[in-house]
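[1] Structure, please.
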Amino acid sequence: MQDDSTQQDLSLGRCRADYEDALQRLERRNFSTRMWCKDPNLWTKDPDQADSIVHGLGWLRAPDLTREHLGNLGAFRDEVVDAGFEHVVHMGMGGSSLAPLLFQRTFEPGEGGLPLTVIDTNDPATIERVESSIPLAKTLFIVASKSGTTAETRALGDYFFQRVKSETDADPGASFVAITDEGSPLEDLADERGFRKTWLNFPGIGGRYSALSYFGMVPATLMGLPLDEMLQRVAPMENGSSLHTPVADSSAMRLGAAMGALAQQGRDKVTFIFPESLETLGMWLEQLLAESTGKEGTGLIPIAGEPVAPPDNYGDDRFFVWVHLQSQFDQEREAAVEGLKDAGHPVAEIELSDLLDIAREFYRWEIAVATAGSVLGINAFNQPNVQAAKDNTSDLLDTVRDEGSLPELDYCLEGEPLKISGDCSGDTTEAALEAFLSQANEGDYFTLLAYLTETDSTTETLQDMRLTVRDRLKLATAVGYGPRYLHSTGQLHKGGPNTGLFIQITASDEPELGVPDEPYSFSTFKHAEALGDLRALRDNDRRVLRIDIDGDLEAGLSALKRAVIEATS
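    Predicted coordinates:
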């Protein structure tokens, strides 16, 4: 079914009957009208969750609200440029950073715009690399947090505020901007420190639904991207999913119905196929799908960054989404997608005229995921399992304050250069991995959780490992860098179906950068988050191994890669 205005086609094969049934159920429930009227019963009958739904649908009007403030946004960009700033650093986590990260990695700055760098980590090597690459006195720093309490964002903001204060003659507050919700502690901090500007976001917008609000549009404005044109691209999707639109007439709702219906039939691995120019869109989609639906033992499991493979490399748990650019014909991927269809796999195809259509995709997928949540019968606007890892981290940092260090892990296997914590079998890394992976069942998925500095070479090695597991064990696979994934797929890991096998990887850090006004470093902070999430996964009876690299990172990753190859051979 092709929709010319929104470039979407669904090829569902033998899964079409389930999809059609889901469409009919949504229509009988008058889904589109009740969604716009913020009826919480579309997602859950639990009265305790009603407020999170009623107050979580403000994103439906975000494009209109942003259109009303285009003048203010443009004037602010002119003010920043006229003040002599030459660079923008955006600090945030999860929904506060993933849209800006997409803009940074996908677009060049437009006319009159500034280059953007996003920091969504407490990794000290990354922080130092960013600091050494920017003109500190001529950089505008954005501190973005919906709640105003995000620990990583607060630490980063404090760090760079002190650096500007100590290393330049400028008023440090004039180099800072806040994006937050009204009444948050960040609003108070921005006032106390004299920030240049505080953007109070529109009410009722959760972080992962905030791309078309100030959280996404302020950094896009500063980059010089054409917001008016981008918002025009959203209009067909808005009109096609409006108050009284039949569900079958909305491409976004059809996509959501398909995802929900197929997940109920075991095809819960929504597997994205992108050209290289759109790869970062997958990171934004990971959070939207995982955090919105991964709860109550069910959910959509987003698989991004897996290169497309022949049909025989996949199990019957996949729903493929091929997103491509009209201007970039990709014969190899097109042939691969046709092969998936011929093999009976369901495929959604979405075509973008050019990169500016990404704004349209934000809205399509927000509607689609809200629709899928209704089909699955879960609240798509809360994240009940995220807090556990945060609480664990907070407790561990209190331990550091009291005792000076993090608690030691118990290792079941120690050897150069790898140490393993968990249920081990055998006396080698290869044997331990083989026993761990032997627990995999049909329909499971495998994830590498890497608390490592994100570099091209590290990513390449992690990719090699995941693809080895996919191709040999027929498992869907993912890679997440910590702590980014905690604010993205972390909810799914603990609250979604217990079908994941997780390997958490850590290594020592250089340099040691201190967190301002705390007795610990960014490295200790990062390792506390890793240990906190490990405990949360174990508390939720997830299958997880922890592997610490002792010594040289490259040598450790190479050894782990060899062990994965051997364990799956």
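[2] From now on I want contacts and neighbour counts done on CA atoms only, so please keep to that.
    Will do.
[3] Show me where the stretch 201-350 of the chain has its strands.
    If DSSP state E, counting those that start in this stretch is used as the criterion, the strands of the stretch 201-350 of the chain fall at 269-273, 301-303, 318-325, 347-352.
[4] got these as a markdown table, with distance to Asp64 and mean neighbour count columns?
    Converted to a markdown table, those look like this (distance: least, Cα to Cα, whole Å; neighbours: other Cα atoms under 10 Å):
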| stretch | distance to Asp64 | mean neighbour count |
| --- | --- | --- |
| strand 269-273 | 29 | 25 |
| strand 301-303 | 29 | 28 |
| strand 318-325 | 26 | 22 |
| strand 347-352 | 22 | 20 |
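[5] quick one: which of those is nearest Ala151?
    Each of the strands of the stretch 201-350 of the chain was checked against Ala151 via Cα to Cα, and the shortest separation belongs to strand 301-303, namely 25.8 Å.
[6] what comes into contact with the closest one?
    Judged by Cα atoms under 8 Å, 6 or more residues apart in numbering, the contacts made with strand 301-303 from elsewhere in the structure are 268-272, 285-286, 289-290, 294, 476-478, 492.
[7] in its sheet, what does that strand sit against?
    Paired with strand 301-303 in the same sheet, following DSSP bridges, are strand 269-273 (parallel).
[8] Work out for me the element the residue lying farthest from the centre of the chain sits within.
    Among the residues of the chain, the one whose C-alpha is farthest from the average of all C-alpha positions is Asp169, by Cα atoms, centre = their mean at 37.1 Å. When secondary structure is defined by DSSP states H and E, Asp169 falls outside every helix and strand.
[9] cool, Phe446 as well?
    Secondary structure here is read from DSSP H and E; on that basis Phe446 sits in strand 445-451.
[10] Which other helices and strands does the helix or strand following that strand contact?
    Tracing the chain C-terminally past strand 445-451 and defining elements by DSSP H and E, one meets helix 456-473 next. Contact partners of helix 456-473 among helices and strands, from 3 or more Cα pairs under 8 Å, 6 or more residues apart in numbering; DSSP states H and E: strand 445-451, strand 476-481, helix 553-567.
[11] was I right about Pro483 contacting Thr121?
    Yes: the criterion here is Cα atoms under 8 Å, and Pro483 meets it with Thr121 at 6.0 Å.
[12] Tell me which residue lies nearest the centroid of the chain.
    For the chain, the residue lying nearest the average C-alpha position, counting by Cα atoms, centre = their mean, turns out to be Gln287 (3.5 Å).
[13] Can you give me the pLDDT of that residue?
    Confidence per residue is given as pLDDT, and for Gln287 that number is 98.
[14] Residue ranges in the chain under the pLDDT threshold?
    In the prediction, the chain carries residues with pLDDT under 70 at positions 1-6.
[15] mind giving me the domain split of it?
    2-42+232-376, 61-230, 386-567 (automatic domain parsing).
[16] Look at the second one and report the distance between its end residues.
    This points to domain 61-230. One end of domain 61-230 to the other measures 15 Å (Cα to Cα, to the nearest Å).
[17] The helices and strands packed on helix 456-473: which one's closest to Glu238?
    Nearest to Glu238, of these and by Cα to Cα, is strand 476-481 at 31.6 Å.
[18] Quick check: what element follows that closest one along the chain?
    Toward the C-terminal end, the helix or strand that comes next after strand 476-481 (DSSP H and E) is helix 490-495.
[19] What helices and strands are in contact with that following helix?
    Using 3+ Cα pairs under 8 Å, 6+ apart as the contact criterion, the secondary-structure elements in contact with helix 490-495 are helix 279-293, helix 522-539.
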